[in-house]
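A.B. asks: What shape does this take:
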Amino acid sequence: MNHGARILVVDDKQSFLFMIKGYLEDAGYQVTGMDGGAEALAELERVPFDLVLSDMVMPEMDGVTLLRRIRSRFPQLPFVLITAHGSVDGAVAAMKEGADDYLLKPLNWEELLLVVKRLLAHSQLRDSYDRMLDSEREKFSFQNIISISPLMGSTLAAARQVAASHRTTVALYGESGVGKEVLARAIHNASGQNMTSFVAVNCAAIPETLLESELFGHVKGAFTGADRERDGKCSRARGGTLFLDEIGDMPLSLQPKLLRLLEERLYEKVGSDRQVATDFRIIVATHRDLDACCDQGSFRRDLYHRLNIFPITIPPLRRRREDIPQLCRQFLEYFRQHQGKQLPGLSQSALELMMTHDWPGNVRELRNLLEYATIVTTGDLIQPEHLRLPQRGAGHEELATDRISLSFDFTPEEFSLDAVNHRVMEWALDRCDDNKSSAARLLKSSRKLFY
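C.D. replies: Numbers count the residues shown, from 1 in each chain. The predicted model follows:
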């Protein structure tokens, strides 16, 4: 029972108001009675209510008119009409106007209580759901993707541009952990679509034998264990976004069906020959070089060209180190809110160590590292020893990892030995804060090379 819920009762008969008010108050509700629609509207503007009970027939403003006025101002407020037996048709018509339920006079008090409980519970559930969606929208919005990096700025600018084109297929490229799904959700969110219509499928995590059914659904008897018909992700994504993560791992046998889905917006459930039409945006993501996969024969080139309409590359964290301090602040604030306790800040020495790390796991690695540090530290600040990172030596150019992993992207026109050398030198200078002597020692080369 929702004890303490505020209920507004509207009826021109004082005896009925007195009776229903007493009964609902005995049940634990706060009840206000009004004898006319105009007075009820004024009270609603002054005080928030959780539910309205109104008589159908009143002299100055009838229940349906009151309903319309309330719906224009408070569209989600539960509203129940009370009517005599002879006005059932009118009550049904009022339901079409937006009433949530109706009750017949003389009132059955148990039925009244059940209707009130049900509508209040439904309203609470809807409010919780709306708050969850608001939280998801905020979490996966462009405003929540923090970056001062010019590289990342270009990526976000491209993503904002394509968000307005609801049907354009987007291909997100980047290493594991850079935030491809976060960016995909931000594009979906900025498109103005319902957050629940974002449907994600990890093509690498689902066995080949089940992936087709997961995407398209199946009919009863399509395969052993298919004891009932089931809709797939394509059905759930209708009107929204289908996000295919790790698209480079999609089996070759399934790629022609995805190509058809992209070109014709049609698919068939497993075990059925009936075509199903659908409409949604497709966003794909991969850490692989799809062009190279085509050369190797593991990915169809016609599908690659169909997916690569609007490519966006997300730079790895080691190429946007200037974002690390802000990302640390954002994650620490998140942990404070969700762990419900005071958490330490980040010491300068810990931040300096993080700035020299290569971050092979990118933003995901950074987040996990900070979560671990907030648990093990007992002081006011996170220190280097609380980070699961190799400690720096005395030389600024020393590496914070046992292995060096470099990843550079070139167009065929850009690619050359000189271009590769130039990128490696840029990387070394970035690692050494533009100190040419340190960068030369890092590359085991001469300082003159940098001139």
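
A.B. asks: Touching the lowest-mean-pLDDT helix or strand in the chain from outside, list them.
C.D. replies: One helix or strand of the chain scores below all others by mean pLDDT, DSSP states H and E: helix 88-97, with a mean of 72. Under the contact criterion Cβ atoms under 8 Å, 6 or more residues apart in numbering, helix 88-97 has outside partners 56, 63-64, 67-68, 71, 81, 83, 99, 101-102, 104. All C-beta atoms are positioned from the backbone trio N, CA, C, and that covers glycine.

A.B. asks: 10 Å instead, please
C.D. replies: 54, 56-57, 62-65, 67-68, 71, 79, 81-84, 87, 99, 101-104 (Cβ atoms under 10 Å, 6 or more residues apart in numbering).

A.B. asks: Now do the contacts for the closest residue to residue 232 other than its chain neighbours.
C.D. replies: In this structure, residue 232 finds its nearest non-sequential neighbour in residue 217, 3.4 Å apart by Cβ to Cβ, 6 or more residues apart in numbering. By Cβ under 10 Å, 6+ apart, the contact set of residue 217 is 229-236, 267-272, 276.

A.B. asks: returning to what we had before: for the helix or strand just after the least confident helix or strand of the chain, which strands pair with it and how are they oriented?
C.D. replies: For helix 88-97, the following helix or strand on the C-terminal side (DSSP states H and E) is strand 101-105. Using DSSP bridges, the strands paired with strand 101-105 are strand 79-84 (parallel).

A.B. asks: Just give me how far the strand it pairs with sits from the chain centre.
C.D. replies: Centroid separation for strand 79-84 versus its chain: 40 Å, with Cα atoms, centre = their mean, to the nearest Å.

A.B. asks: Stretch 238-256 now?
C.D. replies: Using Cα atoms, centre = their mean, the offset of stretch 238-256 from its chain centre is 19 Å.

A.B. asks: That stretch spans what distance, first to last residue?
C.D. replies: 20 Å (Cα to Cα, to the nearest Å).

A.B. asks: Let me see the mean pLDDT of that stretch.
C.D. replies: What stretch 238-256 shows for mean pLDDT is 94.

A.B. asks: likewise stretch 28-38?
C.D. replies: On average, stretch 28-38 scores 92.

A.B. asks: cool, stretch 335-344 as well?
C.D. replies: Mean predicted lDDT for stretch 335-344 stands at 74.

A.B. asks: buried set for that stretch?
C.D. replies: 335, 343-344 (16 or more other Cβ atoms under 10 Å).

A.B. asks: before we move on, the earlier item: distance of the residue nearest to residue 232 from residue 154?
C.D. replies: Residue 217 sits 39 Å away from residue 154, going by Cβ to Cβ, to the nearest Å.

A.B. asks: How about residue 359?
C.D. replies: Distance from residue 359 to residue 154, by Cβ to Cβ: 20 Å.
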